[in-house]
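[1] Prediction below, plus the sequence it came from.
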Amino acid sequence: MTSLQPAEPFKHLNISSAEVLERLTGRSPCPKCHKSRMYFCYNCLVPVDALTGKIPHVRLPVEVEIVKHPGETNGKSTAVHAAVLAPDDVTLRTYPDVGSYDPDETVLVFPDSSAGSVADVSAEFSAAGRPLRRALFLDCTWNQCRRLLDSDQLHGLRCVQLRQHETRFWRYQRGKPRTHLATIEAVYYFVRELQESRHDTYGGEFDDLLFFFDHFYRTVFRSRAAGSLWAYRTEDTWVRPSERARQNSDSEEAGGRDGSGVTNGQSERAP
Ligand SMILES: [Zn+2]
């Protein structure tokens, strides 16, 4: 039986109310570069004035650096969410601007064949008396990542692999499995797994990293559910509206919670 995307996949998380986002009536100038933006400026990494001081400010247990391939545009990248919501702890770079990283303090979140779980690698660092201070993420396609991995600065970094999580990204990513996470999802699950491994518990303290992601997901879901665009199933199979209507008739009658899916999202742009 086909499982369809839920309308509110993050409802159980401790995410701040998005009312402040829903109240915005239009775009306004970025406080730094003055370009017209809806919620935040994806180049200057700051919210618009109407949201300054009104969106969550998340602190992370490690420094996070995200290295973006130059072919990935900021306007489409969810890495920007991390920089806007956790500005004290997140640095965004565009290759070839790569920092220099001490392998005694830094892990690379990448599913290399040698990668260990977050819990195992965290325990390795502790046992060796090494402080795990920084996590590096790559924001790129698989092929682009191979090129970034050849950078001298990334050699020798211990790779960590997240547990299997299913992405809720609304943007269609042809050929990618549903476990291929959007960058903000990867950052979220990493700090969450790290916290769980260090403290045996997790109290929702990083859930607001998904503040924008959850809002955009619900917004896209609502508009697509009401409209005539494509929907998707949790498999990598895409369904045309006519077929979707037929397939959804049962689940919509059952309350609609698992009704239509989201989008093909090819042209969807983050604000
Ligand atoms: Zn700007």
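    Okay, I see it.

[2] I believe Glu72 is in a helix; please confirm or correct that.
    No: counting by DSSP: H, G, I helix; E, B strand; the rest coil, Glu72 is not part of a helix but coil.

[3] Touching, it and Leu138? I think so.
    No: with contact defined as CB atoms under 8 Å, Glu72 does not reach Leu138; the gap is 9.9 Å. The way it works is simple: take the backbone N, C-alpha and C, and place the C-beta from them, glycine included.

[4] okay, these two: which has more neighbours?
    Comparing Glu72 with Leu138 by other CB atoms under 10 Å, the one with more neighbours is Leu138, at 26 against 18.

[5] Contact partners for that one?
    Contact partners of Leu138, counting by CB atoms under 8 Å, 6 or more residues apart in numbering, are 66-69, 108-110, 145, 148-149.

[6] How about His69?
    Counted by CB under 8 Å, 6+ apart, His69 has contacts 94-95, 138-141, 144-145, 147-148.

[7] for the ion, what are the nearby residues on the chain?
    Residues of the chain lying close to the ion (CB under 5 Å from the ion) are 30, 32-33, 41, 43-44.

[8] so which of the residues you listed is the most crowded?
    The residues of the chain next to the ion, ranked by neighbours (other CB under 10 Å): first place Cys41, 24 neighbours.

[9] and it, backbone torsions?
    The phi/psi pair for Cys41 (degrees, to the nearest 10) reads phi -100, psi 120.

[10] Just list the residues touching it, thanks.
    30-33, 35, 47-48.

[11] Now tabulate those in JSON lines and tack on distance to Val160 and secondary structure.
    JSON lines is the format used below for the contacts of Cys41 (distance: CB to CB, whole Å; DSSP: H, G, I helix; E, B strand; the rest coil):
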{"residue": "Cys30", "distance to Val160": "35", "secondary structure": "coil"}
{"residue": "Pro31", "distance to Val160": "36", "secondary structure": "coil"}
{"residue": "Lys32", "distance to Val160": "34", "secondary structure": "coil"}
{"residue": "Cys33", "distance to Val160": "35", "secondary structure": "coil"}
{"residue": "Lys35", "distance to Val160": "36", "secondary structure": "coil"}
{"residue": "Pro47", "distance to Val160": "30", "secondary structure": "strand"}
{"residue": "Val48", "distance to Val160": "35", "secondary structure": "coil"}
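
[12] right, and out of the residues you listed, which lies closest to Ala119?
    Nearest to Ala119 among the contacts of Cys41 is Pro47, at 33.9 Å by CB to CB.

[13] Please name the nearest non-neighbouring residue to that closest one.
    Phe40 (4.6 Å; CB to CB, 6 or more residues apart in numbering).

[14] I'd assumed Asp49 was in contact with the one you found.
    No: the criterion here is CB under 8 Å, and Phe40 misses it with Asp49 at 10.9 Å.

[15] More neighbours: those two, which one.
    With neighbours defined as other CB under 10 Å, Phe40 and Asp49 compare such that Phe40 has more, 23 against 11.

[16] From Gly99, how far out is the more buried one?
    As judged by CB to CB, to the nearest Å, Phe40 and Gly99 stand 23 Å apart.

[17] And for Asp200?
    Asp200 is 32 Å from Gly99, by CB to CB.

[18] out of these two, which sits in the more crowded spot?
    A count of neighbours by other CB under 10 Å puts Gly99 above the other of Asp200 and Gly99, at 12 against 7.

[19] And the more buried one, what's its pLDDT?
    As predicted, Gly99 sits at a pLDDT of 91.

[20] name the element the nearest residue to it once chain neighbours are set aside belongs to?
    Nearest-residue entry for Gly99: Glu65, 6.1 Å, with adjacent residues in sequence omitted and distances by CB to CB, 6+ apart. Here Glu65 sits within strand 63-68, counting by DSSP states H and E.

[21] Just checking: what are the partner strands of that strand?
    strand 90-94 (parallel), strand 134-139 (parallel) (DSSP bridges).
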